[in-house]
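**Q** Got a predicted structure plus its sequence, pasted below:
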Amino acid sequence: MTYCVGLLLNEGMVLLSDTRTNAGLDNISTYRKMFTFEDPGERVIAIMTAGSLSVTQTTIARLREAMEDDDATGETSIMQAPTMLKVAEIVGNMLSQVRAEIGEKMATMKQSASASMIVAGQRKGGAMRLFLIYPEGNFIEATEDTPFLQIGEHKYGKPILDRVVRPETSLADAQKAVLLSMDSTLRSNLSVGMPLDLAVIAAEECRISQRRRIEAGDPQFRAMSEAWSAALRDGFTQIVI
């Protein structure tokens, strides 16, 4: 399992993913779940993945192949697609195709091959957009009413996002929100683990404005986690029933 979250704000987008892959209690590994594609100033796309590693890795590999194909077009390459909506369609179709192929092979072993993705990005002259791609290839989009999307083990980190994230939230506060959301998930579910990958895409820049890998034991993350725990304890003691 994993946890990935993306925020769509007036100032830009904030994305965070963990890197843990769990194939059993004695088979825990680290794999990147966030993939970025850039033509700085022209187009930026980020994809975060959750679910079957074989499905997600194959999907990303085929998307890369399509981008590098000499005959690539706006119908096949996410870096040539005319809109972010078309990008979401290309990713969804590829995910659905790969899932069907691998799922058929794994069915004989009674194993599932499900995966989901978050696609975020902007092309020059277009709006920032954030999509959640389901295993079947269909998708939903973040809106002003729901400016964040999550995949993987999302239930532990959702309450703080519901309470504090609004379209007008600053990028600095948004980074704090997703990190605290991840901290809550890390404390409650062992299938989510560090290191973490954080990316920020400022509005209209069409590039990754900030990129950071947070390793286990990172002093800044640890201090934030401890401060949040103390604030929760203080708030709890102050409530009178």
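**A** Now that the structure is in, tell me what you want to look at. Computed from a predicted structure; not experimentally measured.
**Q** Counting neighbours, what do you get for I47?
**A** Neighbour count of I47, defined by other C-beta atoms under 10 Å: 27. Using the backbone N, CA and C atoms, a C-beta is placed for each residue, glycine as well.
**Q** my guess is it meets K33, correct?
**A** No - using C-beta atoms under 8 Å, I47 is not in contact with K33; the gap is 9.1 Å.
**Q** Show me what counts as buried in the strand or helix carrying F37.
**A** Using DSSP states H and E, F37 sits within strand 34-39. Residues of strand 34-39 classed as buried by neighbour count (16 or more other C-beta atoms under 10 Å): M34, F35, T36, F37, E38.
**Q** And I60, how far from M67?
**A** Going from I60 to M67 by C-beta to C-beta, to the nearest Å gives 11 Å.
**Q** Now do the buried residues in the longest helix seen in the chain.
**A** Longest helix in the chain, counting residues (DSSP state H): helix 84-107. Neighbour counts over helix 84-107 (16+ other C-beta under 10 Å) mark 84, 86-92, 94-96, 98-99, 102-103 as buried.
**Q** what does that helix rub up against?
**A** For helix 84-107, the external contacting residues (C-beta atoms under 8 Å, 6 or more residues apart in numbering) are 45, 47, 52, 54-55, 58-59, 62-63, 66, 74-78, 81, 112-115, 117, 119, 121-123, 126-129, 131, 133-139, 141.
**Q** So which of those belong to helices?
**A** The members of these that map onto helices under DSSP H are S54, V55, T58, T59, R62, L63, A66.
**Q** re the thing from before, mind checking which of I60 and M67 has more residues around it?
**A** The residue with more neighbours, out of I60 and M67, is I60; 19 against 14, by other C-beta under 10 Å.
**Q** I'd say that one and M48 touch.
**A** No - using C-beta under 8 Å as the test, I60 is too far from M48 to be in contact (10.7 Å).
**Q** Strands of this structure, residue ranges please.
**A** With DSSP state E as the criterion, the chain has strands at 3-8, 12-17, 20-22, 28-30, 34-39, 43-51, 115-123, 129-133, 139-141, 148-152, 196-202, 210-214.
**Q** report the angle between the axes of the first one and strand 115-123?
**A** Translated: strand 3-8. Angle, strand 3-8 to strand 115-123, by axes from the mean of the first three to the mean of the last three C-alpha atoms, to 10 degrees: 30 degrees.
**Q** helices and strands around strand 3-8, which ones?
**A** Applying 3 or more C-beta pairs under 8 Å, 6 or more residues apart in numbering; DSSP states H and E, one finds that strand 3-8 makes contact with strand 12-17, strand 43-51, strand 115-123, strand 129-133, strand 148-152, helix 171-188.
**Q** which residue lies farthest from the center of this structure?
**A** I241 (38.7 Å; C-alpha atoms, centre = their mean).
**Q** Could you list which residues are in contact with the residue nearest to S170 when sequence neighbours are not counted?
**A** Distance criterion C-beta to C-beta, 6 or more residues apart in numbering; nearest residue to S170, sequence neighbours excluded, is E11 at 6.2 Å. Applying C-beta under 8 Å, 6+ apart, one finds that E11 lies in contact with S170, L171, A174, A202, A203.
**Q** Next: D145.
**A** Contacts of D145 by C-beta under 8 Å, 6+ apart: none found.
**Q** any idea of the pLDDT on it?
**A** Looking at D145, its pLDDT reads 95.
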